[in-house]
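S.K.: Output the structure for:
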Amino acid sequence: MKLLEEIKENKHLTEDDMKEFINLLLNPKVSNERKIEILTSYTQKEMQQSELTYLVKHLIHTMYPVQPFYEGAMCVCGTGGDGSNSFNISTTVAFIVASAGVPVVKHGNRSVTSQSGSTDVLQEMGIQTCKVDEVVKELNARGLSFISATDSYPIMKHLQPVRKSIHTPTIFNLVGPLINPFKLTYQVMGVYDVTQIDKIAQTIKDLGRKKAIVVHGANGMDEATLSGDNIIYEINQGEPIKTYTINAKDYGLALAENETLIGGSPKENKKITINILNGNDKSSKRDVVLLNAALALYVAEKVNDIQSGIKLARHLIDSGQAMKQYLKMGVSS
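M.R.: Alright, predicted model coming up:
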C-alpha cells in the first residue's frame with residue numbers, strides 16, 4: 001500500500017493522503033489488523049502540523065458539511081492519554097463555566113486510557129448526552145450540553161476496537177477535542193503531549209476560534225495543574241499565537257502534586273465533582289478546578305485575566321450557582 005509506505009518513510013502527507021488515511025481507518029470493510037498496522041505506523045511517524053489540520057477538517061466535514069453554530073459556544077476538554085487517572089476535572093469545570101452564563105458544548109467520550117471518561121461519569125450522574133440536533137434546545141434551556149463522541153461521530157465506532165488494541169495514545173487522542181461538531185467561538189484544550197502543543201494550537205487557529213487556550217499541565221497532565229509551571233498557547237483571532245507559562249502559586253493557590261488529583265470509578269468521581277460544586281471540598285481538587293475554570297472564563301471573555309477568573313470561579317461555587325447549574329441538568333442523587 002503506497003500510503004503505508006509513505007507513512008513508514010516519514011513523508012509529509014498531503015490533504016488527499018490524509019483523506020485516504022481517514023477513509024481506510026473508518027471503512028468497515030478494512031480488517032482491524034490492517035487498521036492497527038496503519039494507525040500504529042502513523043503514531044510512530046513525525047506528524048506535520050498541516051496533516052493534523054487536514055485530518056480534523058476532513059473528519060468534521062465528513063459528518064457535518066455545514067457545522068452548526070451557537071453564538072459564544074465553548075468547549076473545555078483534554079486529550080486524555082496522560083495516564084494520571086485524575087478525576088473528571090474538565091467535566092467539573094463545565095458546570096462552573098456554564099453557571100457564569102457561557103454556553104458550553106462539551107464533547108467527550110468513554111474512557112480509553114483511564115478509569116472514568118466524561119461520558120462514564122455523566123452516566124453515573126444520570127445526565128443524558130445530547131444528539132447534535134438537540135444541542136441548541138438544550139443550550140437554550142440549560143446553558144450546558146454534553147455530546148458523546150460516539151453519537152456525534154458514529155463512523156468512529158469502527159475505530160474504537162483498533163484504538164483499544166494499541167494500548168498507547170494515538171493521533172485520535174489529539175483529534176477528539178478538535179472535532180466538536182459545533183463551530184465554536186471559544187475553546188480550552190488540555191494536551192498531555194508537550195511535543196504536539198504547537199501543532200494543536202495552530203490547528204485550533206485554522207478552525208477559526210475567536211479565542212482559545214491550549215494548555216500542557218505541569219508534570220505531563222492534560223489539564224492545568226498545581227505542581228509547577230503550566231505551558232499555555234493562547235490563540236486570538238487575527239493575532240499571532242502567544243506562549244507563556246502560569247503557576248498556581250502566583251494566583252494564591254497552594255502547590256500540590258498531581259497525585260493528589262487522582263480519582264477513581266465513575267461513582268467515586270461523581271462524588272468528587274459534587275463535593276467541589278457544593279463547596280464541601282476545599283482540597284487541591286477544588287483548587288485545580290478553580291485554576292482550569294479561570295482559564296475558561298478568561299477565554300470566554302467573562303474576565304480580563306486569570307486572577308479575576310479564579311475569583312469568579314470561587315464565587316460561582318461559594319454562592320451556590322455552580323451547584324444550581326449541576327442540578328439544572330436533571331441529575332440523579
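S.K.: only C-alpha atoms for contact and neighbour calcs from this point on.
M.R.: OK.
S.K.: give me the element R163 is part of.
M.R.: Element membership for R163, per DSSP states H and E: helix 160-166.
S.K.: which residues are in contact with the helix or strand that that helix is followed by?
M.R.: Once helix 160-166 ends, the next helix or strand along the chain (criterion: DSSP H and E) is helix 171-175. Identification of contacts with helix 171-175 by Cα atoms under 8 Å, 6 or more residues apart in numbering yields T43, L52, V56, T79, G80, G81, V191, I200.
S.K.: Quick one: residues contacting G279.
M.R.: Each residue near G279 by Cα under 8 Å, 6+ apart is listed here: I317, D318.
S.K.: ok, now how distant is it from P28?
M.R.: Separation of G279 from P28 (Cα to Cα, to the nearest Å): 48 Å.
S.K.: sorry, back to before: would you mind listing the buried residues in the helix holding R163?
M.R.: Applying a neighbour-count criterion of 16 or more other Cα atoms under 10 Å, one finds V162, R163 buried in helix 160-166.
S.K.: how far does it sit from the chain's center?
M.R.: Here helix 160-166 is found 20 Å from its chain centre; the criterion is Cα atoms, centre = their mean, to the nearest Å.
S.K.: could you say what helices and strands it packs with?
M.R.: On a contact count with 3 or more Cα pairs under 8 Å, 6 or more residues apart in numbering; DSSP states H and E, helix 160-166 meets helix 32-44.
S.K.: can you give me the mean pLDDT across the helix or strand following the helix it packs on?
M.R.: Once the chain leaves helix 32-44, the next helix or strand it forms, by DSSP H and E, is helix 49-63. Helix 49-63 shows an average pLDDT of 95 in the prediction.
S.K.: got it, and stretch 162-177?
M.R.: 85.
S.K.: and that stretch, how far from the chain's centre?
M.R.: Relative to its chain's centre, stretch 162-177 lies at 14 Å (Cα atoms, centre = their mean).
S.K.: same thing with stretch 179-198?
M.R.: Between the centre of stretch 179-198 and the centre of its chain there are 6 Å (Cα atoms, centre = their mean).
S.K.: now the strands for the stretch 201-333 of the chain?
M.R.: Listed in chain order, the strands found in the stretch 201-333 of the chain under DSSP state E, counting those that start in this stretch are 211-216, 229-236, 242-247.
S.K.: Okay, now the sheet partners of the first one, with direction.
M.R.: Meaning strand 211-216. Taking DSSP bridges as the criterion, strand 211-216 forms sheet pairs with strand 186-190 (parallel), strand 229-236 (antiparallel).
S.K.: Go through the ones you listed and pick out the most buried.
M.R.: Comparing the strands paired with strand 211-216 by mean neighbour count (mean count of other Cα atoms under 10 Å), strand 186-190 comes out on top with a mean of 28.
S.K.: What lies in contact with that strand?
M.R.: By Cα under 8 Å, 6+ apart, the residues outside strand 186-190 that reach it are 72-79, 177, 209-217, 221-224, 295-296, 299-300.
S.K.: redo that, cut-off 6 Å
M.R.: The list of residues contacting strand 186-190 from outside it, by Cα atoms under 6 Å, 6 or more residues apart in numbering, reads 74-78, 209, 211-216, 222-223.
S.K.: cool, and stretch 150-167?
M.R.: Judged by Cα under 6 Å, 6+ apart, the contacts made with stretch 150-167 from elsewhere in the structure are L26, I36.
S.K.: list the contacts for the spatially most central residue of the chain?
M.R.: For the chain, the residue sitting closest to the mean C-alpha position, by Cα atoms, centre = their mean, is C77 at 2.2 Å. Counting by Cα under 6 Å, 6+ apart, C77 touches S90, M189.
S.K.: again, 10 Å this time
M.R.: 88-91, 93-94, 106-108, 118, 176-178, 187-191, 222-223 (Cα atoms under 10 Å, 6 or more residues apart in numbering).
S.K.: Please apply the same query to F21.
M.R.: L3, L4, I7, L13, E15, K35, I38, L39, Y42, L55.
S.K.: separation between it and M125?
M.R.: For F21, the distance to M125 equals 37 Å [Cα to Cα].
S.K.: Flag the shaky bits of the stretch 1-150 of the chain, pLDDT-wise.
M.R.: Low-confidence regions of the stretch 1-150 of the chain, defined here as pLDDT under 70, cover residues 109-117.
S.K.: where do the strands sit along it?
M.R.: 74-78, 104-108, 144-148.
S.K.: May I see the ones you listed arranged in TSV, with distance to E259 as well?
M.R.: Written out in TSV, the entries for these read as follows (distance: least, Cα to Cα, whole Å):
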stretch	distance to E259
strand 74-78	18
strand 104-108	23
strand 144-148	27
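S.K.: Return the set of buried residues in stretch 255-268.
M.R.: Residues of stretch 255-268 classed as buried: L255, A256, N258, L261, G263, G264, S265, P266, K267 (neighbour count, 16+ other Cα under 10 Å).
S.K.: Go through the residues you listed and flag which are in helices.
M.R.: Secondary structure from DSSP state H places P266, K267 of the buried residues of stretch 255-268 in helices.
S.K.: Turn the buried residues of stretch 255-268 into CSV, columns for distance to C130 and pLDDT.
M.R.: Rendered in CSV, the data for the buried residues of stretch 255-268 read as follows (distance: Cα to Cα, whole Å; pLDDT from 0 to 100):
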residue, distance to C130, pLDDT
L255, 37, 97
A256, 35, 97
N258, 32, 95
L261, 28, 96
G263, 25, 93
G264, 25, 92
S265, 23, 92
P266, 19, 92
K267, 21, 94
